[in-house]
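Novice: Give me the fold of what follows.
(one chain, ligands or ions: 2)
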Amino acid sequence: MFSLSEIPQTASTLFSAYASFAGAMMLLRSMVNELMPQELRSYLCSIFYHLFPPLSSNVVTLVFDEVSGMSRNQVFDAAEIYSRTKISPDTERLKVSKTPRQKNFTVTIENGEEVPDLFENFHLKWKFVCTEPDDNHFGEKRHFELSFHKKHKEKVMSRYLPYVLEKANEIKQEEKVVKLYNRECPYDDEDGGAVGMWGSINLEHPSTFDTLAMDPDLKKMILDDLDRFVRRREFYKRAGKAWKRGYLLYGPPGTGKSSLVAAMANYLKFDIYDLELTSIYSNSELRRILLSATNRSILVIEDIDCSTEMKDRHSDDGGGGSDTRLTLSGILNFVDGLWSSCGDEKIIVFTTNHKERLDPALLRPGRMDVHINMSYCTVKGFEILASNYLGIEIKSHFLYAEIEGLIQSTEVTPAEVAEELMKSDEADIDIALRRLVNLLKHKRIEVNKTKDNQS
Ligand SMILES: Nc1ncnc2c1ncn2[C@@H]1O[C@H](COP(=O)(O)OP(=O)(O)OP(=O)(O)O)[C@@H](O)[C@H]1O
Ligand SMILES: [Mg+2]
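Specialist: Ligands and ions are numbered 1, 2, ... in the order given. Purely as a prediction, here's the structure:
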């Protein structure tokens, strides 16, 4: 027996005996690792941990398998993306990959590597584990482990994991490469890049709202409209409306209609489906394409004024069945009917050079939500182009006043202005602007001549 005062000393003796025994067992374990088959090793390990639990058992580890039942585990996918952002200079082994479609390398942690994280002032650790397939399984099994002090379990479940899911989603959106789907594109199903018979390529169109030369108020109106549309999922659901929005872009060639579509896609990270009507043969084909188009996409029909041709085709139908040929009513069905509600977050854009030639059915209120007039180049538009192409503050240039006056009194498209400015390199900005002055003067003479002829 020992007295009460001896208890701390005895406890410490016992503790150090336990510690050295545990140390010896660790050594034994590493020898066993070298010599024994894996199954036997894991069996012995489990007995070992049962008999001698780790000294610090305050750590909780959550395990996220790659698949949960038949479907993918969202947390695993999120962890895979999120853990990439936590890679530190201490991480020793990294996996690097890049598919032909990706612009940048993807760097992820390698099997067994850990990355630390700090959330609301407590520490966590992510570990990636990949086990070789055993005889009963195909392919490797992958999972993430998340370890932290057990007192934070509640916070991790209620706040940290939702935060990781949200962050991963944001990263996915940022990294998304906008695709252009078109019949002409080569069929390639890497990354699910093809839908039905449609191939896709990465949208390399550099147009953004910053580079678009258009009235700043109009630009802001479009941006606000897009933001509101994306935010209003709940509203559309409550109102029982299909979550889609239609834009009609009209204006002369070269005023930036296609550039605006590309800017919208780049802004929202939506894919573009370029529906060339001339290559779609029937309503049922149109329906199939619409059904297979992914959510968060922009469906574009350029030059919709050829819809008059479609109306003719419809009247030729001769009772052959409206499903055999593409008709205006097929398109209208899609604009506000059944098919557009199959799926979420779709934007539909029609472009035309001749709004006045469109079938009134297309212009009826409620059919296309927003009509946007892409006009000739304005002074503000010219300032944006000059800053993009020449990289200068154009207002202080000696030719600015003259160009300003000319632009106000002529009709020149942003494409024509852009073409002149593009011909210059940094050394000959003055030459480029003089050439632009000449072009504008020339156009003004032409306009005056036409007016004279008409009067
Ligand atoms: N508003 C604009 N802002 C910036 N660049 C423009 C603008 N409009 C035209 N451009 C330039 O001119 C080129 C052609 O423009 P775009 O194809 O967008 O015109 P469009 O209105 O679609 O013409 P079309 O009616 O012939 O299809 C663009 O690639 C771009 O370089
Ligand atoms: Mg165009």
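Novice: Quick one: distance of stretch 346-364 to the chain centre.
Specialist: Remark: stretch 346-364 is offset 27 Å from the chain centroid, using Cα atoms, centre = their mean, to the nearest Å.
Novice: can that stretch be found next to ligand 2?
Specialist: No: Stretch 346-364 does not reach ligand 2 (Cβ under 5 Å from the ion); its nearest approach is 5.9 Å. Bear in mind the C-beta positions are built from the backbone N, C-alpha and C, glycine included.
Novice: what about that stretch, average pLDDT?
Specialist: The average pLDDT within stretch 346-364 is 86.
Novice: Output it as PDB, restricted to C-alpha atoms.
Specialist: C-alpha atoms of stretch 346-364 as PDB (Å, rounded to 0.1, in the frame of the first residue of the first chain):
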ATOM      1  CA  LYS A 346     -31.100  29.300 -68.800                       C
ATOM      2  CA  ILE A 347     -30.600  32.500 -70.700                       C
ATOM      3  CA  ILE A 348     -32.000  32.800 -74.200                       C
ATOM      4  CA  VAL A 349     -30.500  35.400 -76.500                       C
ATOM      5  CA  PHE A 350     -31.800  36.300 -80.000                       C
ATOM      6  CA  THR A 351     -29.800  38.600 -82.100                       C
ATOM      7  CA  THR A 352     -30.900  40.500 -85.300                       C
ATOM      8  CA  ASN A 353     -29.700  43.200 -87.600                       C
ATOM      9  CA  HIS A 354     -33.300  44.000 -88.500                       C
ATOM     10  CA  LYS A 355     -35.700  44.300 -85.500                       C
ATOM     11  CA  GLU A 356     -38.300  45.700 -87.800                       C
ATOM     12  CA  ARG A 357     -38.400  42.500 -89.900                       C
ATOM     13  CA  LEU A 358     -39.100  40.200 -86.900                       C
ATOM     14  CA  ASP A 359     -42.300  38.300 -86.600                       C
ATOM     15  CA  PRO A 360     -44.600  40.300 -84.200                       C
ATOM     16  CA  ALA A 361     -45.100  37.100 -82.300                       C
ATOM     17  CA  LEU A 362     -41.500  37.300 -81.200                       C
ATOM     18  CA  LEU A 363     -41.700  40.900 -80.100                       C
ATOM     19  CA  ARG A 364     -44.900  40.500 -78.000                       C
END
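Novice: Buried residues in that stretch, which are they?
Specialist: 346-353, 355, 358-359, 362 (16 or more other Cβ atoms under 10 Å).
Novice: how about that stretch against ligand 1, any contact?
Specialist: Yes: contact of stretch 346-364 with ligand 1 (Cβ under 6 Å from any ligand atom) involves Asn353.
Novice: give me the residue from this protein nearest ligand 1.
Specialist: Gly256 (2.7 Å; Cβ to the nearest ligand atom).
Novice: Let me know the pLDDT of that residue.
Specialist: pLDDT, Gly256: 94.
Novice: which ones are touching Glu80?
Specialist: By Cβ atoms under 8 Å, 6 or more residues apart in numbering, the residues touching Glu80 are 108, 128, 144, 168.
Novice: Okay, buried residues for stretch 124-137 please.
Specialist: Quick answer for stretch 124-137 (16+ other Cβ under 10 Å): 124, 126-128.
Novice: pLDDT averaged over that stretch - what is it?
Specialist: Mean pLDDT, computed over stretch 124-137, is 81.
Novice: Check what contacts it and list those residues.
Specialist: By Cβ under 8 Å, 6+ apart, stretch 124-137 touches 79-80, 82-83, 86, 108-118, 139-148, 152, 156, 160.
Novice: Which residues of the stretch 151-300 of the chain lie near ligand 1?
Specialist: So the stretch 151-300 of the chain meets ligand 1 at 211-214, 253-259 (Cβ under 6 Å from any ligand atom).
Novice: hey, where'd the strands end up in the stretch 351-455 of the chain?
Specialist: Listed in chain order, the strands found in the stretch 351-455 of the chain under DSSP state E, counting those that start in this stretch are 370-373.
Novice: Kindly report the same for the stretch 101-250 of the chain.
Specialist: 106-109, 114-119, 122-131, 141-149, 179-182, 199-202, 244-250.
Novice: Which neighbours in the sheet does the first one have, and how are they oriented?
Specialist: Right, strand 106-109. strand 94-97 (antiparallel) (DSSP bridges).
Novice: Just the CA coordinates for the partner strand, please, in PDB.
Specialist: Provided in PDB are the C-alpha atoms of strand 94-97 (Å, rounded to 0.1, in the frame of the first residue of the first chain):
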ATOM      1  CA  LEU A  94       1.900  16.900 -54.600                       C
ATOM      2  CA  LYS A  95       0.000  15.500 -57.600                       C
ATOM      3  CA  VAL A  96       0.000  17.700 -60.700                       C
ATOM      4  CA  SER A  97      -2.400  17.200 -63.600                       C
END
